[in-house]
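Chemist: below are the sequence and a predicted model; questions follow.
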Amino acid sequence: MSVRKIKLNQITDVKEFVSVAGKCDFDIDVFYNRISIDAKSIMGVLSLDLSQVLTVKYGGQDAQFENILNKYSAA
């Protein structure tokens, strides 16, 4: 299981992140505080506080997904 920190500042960032996550064949979860959301759910991710750094946990490899994580990296 891999863990990364990201920051999604705008709705367009969320749309891009969820779109790429949706193409992955492994589970991806986004966490903030004690809330866990499926990263493939646009409504779920939009319900999080986007002013905060989010934690992404995922259990697979995908080059396009790694690129999106790097793009929105908060580390």
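Modeler: Yep, that arrived.

Chemist: C-alpha from now on. contacts and neighbour counts both.
Modeler: Will do.

Chemist: looking at the protein, which residue lies furthest from center?
Modeler: Ranked by distance from the centre of the chain (CA atoms, centre = their mean), the top residue is R34, with 15.5 Å.

Chemist: from S51, how far out is that one?
Modeler: 16 Å (CA to CA, to the nearest Å).

Chemist: kindly report the same for E66.
Modeler: Distance from E66 to S51, by CA to CA: 22 Å.

Chemist: of those two, which one has the most company?
Modeler: Applying other CA atoms under 10 Å to E66 and S51 shows that E66 carries more neighbours, namely 13 against 10.

Chemist: still on that earlier bit, how close does the residue farthest from the centre of the chain sit to I6?
Modeler: 16 Å.

Chemist: ok, now which ones touch K15?
Modeler: I42 (CA atoms under 8 Å, 6 or more residues apart in numbering).

Chemist: can you do 6 Å?
Modeler: With contact set as CA atoms under 6 Å, 6 or more residues apart in numbering, K15 has no partners.
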